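K.L.:
no sequence for this one, just the structure:
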């Protein structure tokens, strides 16, 4: 009787933990989105708005607040575009790399910067252009099924047609293993790319009732 009671309490504890983590995974992206948008508007209002007013407004003419905000947002997007353009060329990439090396040598800043960068890379990695479908494959040994993403196909000696499968690490899918499998060794999960990434990022918490 005591053993059954202990088992029931343990099951309730695990269920509660699972539901709480699932709730966090749902609310966290919403909160981060809110913070990013709020920060963007604060940046626009605090930096670009005074510049817009100084350039356009005169003693006889005042811009409406909504017009200032729209123009400031446009300037922000233009600035981000040219920043991305700068980071894409060789000189810009080297300068950014130099500052990243300096940041990675600063203890506290290193931790914060690397964590945020990893989150951003994780969020921007999956795309339908690079990942074709979500599958199950045997890795690292037969009988052990893991989630993988088909990225392409090729011809291998001894195999009529092989598929390249990216097997991500959990919960950080920015790293992983590139493997090649025959079609017969691949099981389609029926999941979308987004669902597959949620499964990986949650460490299996958001596993659907059925795979394949």
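P.N.:
In hand now; what should we look at? Just so we're clear, the structure is a prediction, and the values are computed from it rather than from any experiment. Numbering: from 1, shown residues only.
K.L.:
rest of the way, CA atoms for contacts and neighbours
P.N.:
Will do.
K.L.:
now residue 49: how far from residue 77?
P.N.:
From residue 49 across to residue 77, the span is 14 Å (CA to CA, to the nearest Å).
K.L.:
what do you get for residue 195?
P.N.:
Relative to residue 77, and taking CA to CA, residue 195 is found at 30 Å.
K.L.:
if you count what's nearby, which of those two comes out ahead?
P.N.:
For residue 195 and residue 77, the more surrounded residue by other CA atoms under 10 Å is residue 195, and the numbers stand at 15 against 11.
K.L.:
Do a quick rundown of the strands in the chain.
P.N.:
Ranges of strands in the chain, per DSSP state E, are 133-138, 145-156, 159-168, 176-182, 187-188.
K.L.:
Minimum distance to residue 64: which of those strands has it?
P.N.:
strand 133-138 (49.2 Å; CA to CA).
K.L.:
That closest one: partners in the sheet, and parallel or antiparallel?
P.N.:
Strand 133-138 has the following strand partners under DSSP bridges: strand 145-156 (antiparallel), strand 187-188 (antiparallel).
K.L.:
weakest of these in terms of mean pLDDT?
P.N.:
Note on the strands paired with strand 133-138: lowest mean pLDDT is at strand 145-156, with a mean of 89.
K.L.:
Show me the shaky parts of this structure.
P.N.:
Within the chain, the stretches with pLDDT under 70 are 1-6, 25, 44-46, 58-59, 115, 118-129, 159.
K.L.:
beta partners for the residue lying closest to residue 165 once chain neighbours are set aside?
P.N.:
Among residues not flanking residue 165 along the chain, residue 150 sits closest, at 4.4 Å (CA to CA, 6 or more residues apart in numbering). Beta-bridge pairing of residue 150, defined through DSSP bridges, involves residue 133, residue 165.
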